[in-house]
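*Asks:* what would the 3D arrangement of this be:
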Amino acid sequence: MLNTNLSFPTYDEKKKIGAFYTPSAASLILCEWAIRSSEDRMLEPSFGGCDFLEQAKLRLEQLGSIMPNQQIFGSDIDETAFAHLYEKFGINKKNGNFFKNDFLTLSPQSFDNKKFDVVIGNPPYISHHNMSDSQKHDAKVTMKHSGLSMPNRASLWAYFILHSFNFLKIGGRMAWILPGSFLFTKYATDIRKEIEKRFKRAIAIQLGERIFLSKGSDESIVIVLCDGFLGNQSNTTFEMGFAKNLQDLQELIASLKLNQWKGKRLSDRTEILLMEDGGRQVYNKIVKNENCHELSKYMEILIGIVTGASSFFIINQEAANAHKFPESALKPIFPKFFLCKGICLTNKDIEKARDDNLPCLLINTDRMRKGGRIYKYLEKFPQDQKERTRTFERRAIWHKPDDGKIPDAFFPYMQNDGPRIVLNKLGITSTNTIHRIFFKPRNRKYIQKLVAISILTTFSQLSAEIEGRSYGSGVLKHEPSEAKKIKIYIPNNFDKKEITKTFNLVNYHFRNDDHDNVRKIADAFIFNGLEKKLGTRFLKQLSSSLSESRFRRQGKKQNA
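*Replies:* Sure, this is the predicted structure:
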């Protein structure tokens, strides 16, 4: 008998193996779509808490199956999953339908060489960085045997999708609950292309509701439905849709079954596809205006310095005092964007960070002498770690991470409520959690201030949503190549004094946490007089689209 007195995994243990079990309501919706006959055979590659298996059994019974337990199959590596299997079905590991194996090591031969009508599930969300050596090996071998390729940075769930092709009957279906990265990573683009080659119809539905919150994860979700498996003979295009919650998803799929719903062609940035018609029309009009430009027209955007060991090289005031480092051995550095509440980094911001004992001091070895305090501090760095840190290998001197490039301004790598540009009044650099902006030579100070105002408009904040990528809990990320594509509007007629006045006003409201007023001030200043060209409601339309876009990303409503 299977031991059912197991201790259930902690959050960290679940995260390590990607075991965030699917809510029954979501499993029900997908099973009702995917299982269509009392004779369907269903495979779940990572059955975990058995929610999909339970709903599959109920669905088969509804369709008239006499022995539904014989039509459901699965695999999992987690002992706890088999405790759930025994508890809910009375099935132990000796049953030939279920294997305590990594799905990537299985083949149709494992299941009596019989393929399946349905492959369905919620595969493990484990990034490539966190995959074990054995998982990476199995993934590589699986792709080789399947004649498929996958970029080295792909997460584990990606290999589950591609490997599932080998288990499907012609005409079969797949239904998956996948992370939001399915819509934007490069390797996900490759997966979508492989699916498009093999199915008559493929649909991706972005889900606003965070269905794993009660399980300890706020991962954003995409529902992927693939219908009519053809092997390698199709030429379809993914359709895109959005559902605010599981109830909306159920209604959308009900319309899909009745052929009353058709998604938008997934060939552009997701946010443009899902934008309301009015907002999209206004946005496109502004983009086509001669005064609209990408940030790249005004600046170069580079990552901040890479230390290779931030906790060692960037210290707080307490550590500096404990080591009795002289001020000449320390350089102020901008390590986290939240340390500046405004749009201009000042000495007060860094002084407050020092007073709050936050790491904001870069070890400066320029004046280091042998046997001195800094010299002895560097000697404490573990030799084995020094030898295996590639960042050190790429530097002329391993303990000098500062490249000497002082930016004109900073741009956040990650943010929740939209990006802002912070002008660098202090003349310091930043870590690689913050991008560095280098304005092009002819951009004078008032132009820099104008750009910093313009990016705060509703239009540019919407552009940032379009160009950026949503990760995990809904944080918005911009690589430098993405940030430079953000659109800003620069009016022809502007007064230098008014620019400075508006810049200072915006900075004041930011520092007082009055973000709503910030956007209103920026809109009024940048788009003054455009109502005749764009209509009196153009800002409301843009604001509505921005609010909806952030809802899709964060799963919660914001003020428009």
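*Asks:* and Met299, how far from Val518?
*Replies:* 21 Å (C-beta to C-beta, to the nearest Å). Every C-beta, even on glycine, is put in place using the N, C-alpha and C of the backbone.
*Asks:* same thing with Phe337?
*Replies:* To Val518, Phe337 is 16 Å away according to C-beta to C-beta.
*Asks:* shaky segments in the protein?
*Replies:* 1-22, 93-94, 212-218, 268, 442, 472-473, 556-560 (pLDDT under 70).
*Asks:* can you list the domains in it?
*Replies:* 22-267, 274-304+405-560, 306-401 (automatic domain parsing).
*Asks:* could I get these in TSV, plus columns for mean neighbour count?
*Replies:* As requested, these are arranged in TSV below (neighbours: other C-beta atoms under 10 Å):
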stretch	mean neighbour count
domain 22-267	19
domain 274-304+405-560	18
domain 306-401	16
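*Asks:* before we move on, what SS does Trp157 have?
*Replies:* helix (DSSP: H, G, I helix; E, B strand; the rest coil).
*Asks:* what segments of the stretch 201-350 of the chain are helices?
*Replies:* Ranges of helices in the stretch 201-350 of the chain, per DSSP state H, counting those that start in this stretch, are 246-257, 270-274, 277-288, 310-313, 317-322, 347-355.
*Asks:* list phi and psi for Phe73.
*Replies:* According to degrees, to the nearest 10, the main-chain angles of Phe73 amount to phi -140, psi 160.
*Asks:* for the helix or strand hosting Phe82, packing partners?
*Replies:* Assigned by DSSP states H and E, Phe82 belongs to helix 79-89. Other elements packing on helix 79-89 under the criterion 3 or more C-beta pairs under 8 Å, 6 or more residues apart in numbering; DSSP states H and E are helix 51-62.
*Asks:* sorry, back to before: and the helices of the stretch 201-350 of the chain: which comes nearest Val141?
*Replies:* Closest to Val141 of the helices of the stretch 201-350 of the chain, according to C-beta to C-beta: helix 270-274, at 33.0 Å.
*Asks:* show me what the closest one is packed against.
*Replies:* strand 239-243, strand 264-265, helix 458-467, helix 538-554.
*Asks:* any chance of the ones you listed in JSON lines, with distance to Phe527 too?
*Replies:* Shown next, in JSON lines, are the helices and strands packed on helix 270-274 (distance: least, C-beta to C-beta, whole Å):
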{"stretch": "strand 239-243", "distance to Phe527": "28"}
{"stretch": "strand 264-265", "distance to Phe527": "28"}
{"stretch": "helix 458-467", "distance to Phe527": "8"}
{"stretch": "helix 538-554", "distance to Phe527": "7"}
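*Asks:* nearest to Arg388, of the ones you listed?
*Replies:* The closest of those to Arg388 is helix 458-467. By C-beta to C-beta, the value is 35.5 Å.
*Asks:* contacts for that closest one?
*Replies:* The set of residues external to helix 458-467 that reach it, using C-beta atoms under 8 Å, 6 or more residues apart in numbering, is 269, 271-272, 279, 283, 286, 418-419, 454-455, 476, 478, 482-483, 485-489, 519, 523, 527, 539, 542-543, 545-546, 549-550, 553.
*Asks:* rerun at 7 Å
*Replies:* 269, 271-272, 283, 286, 418-419, 454, 476, 478, 482, 485-489, 519, 523, 539, 542-543, 545-546, 549-550, 553 (C-beta atoms under 7 Å, 6 or more residues apart in numbering).
*Asks:* same thing with stretch 286-300?
*Replies:* Residues contacting stretch 286-300 (C-beta under 7 Å, 6+ apart): 437-440, 443, 451, 459, 483-492.
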